[in-house]
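Colleague: Mind looking at a prediction? Sequence and model below.
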Amino acid sequence: MLNFALKRLGQSLIVVLVLSIVLFVGVWMIGNPVDVLISSEASPAERLAAIRSLGLDKPLWQQYLIFLGNAMQGDWGTSFVYHEPVTDILLQRLPASIELAMVAFVIAMAISIPAGLYAGLKPNSLGAKSIMGFSLIGVSIPTFWQGMLLIIAFGLTIPLVPVGDRGDVATRFGITSSLWTLDGWWHVILPAISLALLKMSLLIRVTRAATMELTRVDFVKYAYAKGVPTRKVVWRHIFRNALIPLITVVGIELGNLLAYGVITETVFSWPGLGKLLINSIRVLDRPMIVAQLTYTALLFIFINFMVDILYMVIDPRVRSAMGRRAV
């Protein structure tokens, strides 16, 4: 397993390097931030001074090498707009995105996996058909429309929960979070439900498909024939094997929740990384855009790495295959 982990780590570093080049060039091609950040009434001398202060007077390859050297030391540059280190700004916004993603993830997992398991075990029941109908609706409605409907229903028509902002925050065990306060929970619950709906729909369908496939395999039929209690068959034989395809989807969706809550954060004015990315793109804040996109790439690479490790832990066939390769 150690050799496998080191090999994947080396591959991940190469991927990160290639992605950083692609992202840096891609952001450079979007447009010139000078046109947005500097007043059109500025004199040529003022414009040139601003370009030099931002480091945009150097060739693109030199800008990238400077960025790469600083990034390897943990310095992602200074924001063109906020005039603060990018790392500090990201760390200020990251807790809000993590809170929203984690609450949405827990909601999605707690509802979708039991619902998908039930729908797969009893596919012809009324409950299973209702669950699949719900999942179809969740997949069909765009995320921004779901968010607006929830705001209209539970924020305006029936004002049960507040809409917008993060709520009160508190510090416990050295961690500052809005989840330590009741007001924070009232603020996060609606955007978390909106963010979780699409993930729930997908996870329900994946769990149902895996469950239905496993109910037809020989070892499950044999377990039923031996008189093994249904509960044991479901949890030891069906659910455990259904986790193998489910882990991949869950890993990807967790990454999506952490990195791509842009629409939900914008609709609900949630002060996280997604809303920050939209604002940075509007003003062509290159260091902020590159840092956020690189963070997203690193996040998905890390999640894929952990998924591969979990495969080896859960599925003995993967372990044996890796053992044969090592020999």
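Modeller: Done, it's in.
Colleague: Please identify the buried residues of stretch 85-95?
Modeller: 85-86, 89-90, 93, 95 (16 or more other CB atoms under 10 Å). (Each C-beta comes from the backbone N, C-alpha and C, glycine too.)
Colleague: So what's the gap between the host helix or strand of R240 and the chain middle?
Modeller: Element membership for R240, per DSSP states H and E: helix 240-259. Put simply, helix 240-259 sits 11 Å off its chain's centre (CA atoms, centre = their mean, to the nearest Å).
Colleague: re earlier: got the buried residues of stretch 85-95 as TSV, with secondary structure, pLDDT and distance to T171 columns?
Modeller: Compiled in TSV, these are given as follows (DSSP: H, G, I helix; E, B strand; the rest coil; pLDDT from 0 to 100; distance: CB to CB, whole Å):
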residue	secondary structure	pLDDT	distance to T171
P85	strand	88	22
V86	helix	87	24
I89	helix	88	20
L90	helix	86	19
R93	helix	85	17
P95	helix	85	11
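Colleague: Which one of the residues you listed is nearest to L299?
Modeller: Nearest to L299 out of the buried residues of stretch 85-95 is L90 (CB to CB; 12.1 Å).
Colleague: before we move on, back to that, what does the average pLDDT come to for the helix holding R240?
Modeller: For helix 240-259, mean pLDDT rounds to 76.
Colleague: which is the next helix or strand following it?
Modeller: Assigned by DSSP H and E, the successor of helix 240-259 is helix 262-267.
Colleague: So which residues make contact with that following helix?
Modeller: 97, 100, 143-144, 147-148, 151, 191, 194-195, 270-275, 277-278 (CB atoms under 8 Å, 6 or more residues apart in numbering).
Colleague: and what of stretch 281-301?
Modeller: Outside of stretch 281-301, the residues within contact range by CB under 8 Å, 6+ apart are 12, 15-16, 19-20, 23-24, 27-28, 30-33, 35-37, 67, 71, 76-82, 86-87, 89-90, 252, 255, 258-260, 273, 276-277, 279-280.
Colleague: Could you give me the buried positions within stretch 64-71?
Modeller: For stretch 64-71, by 16+ other CB under 10 Å, it's 64, 67, 71.
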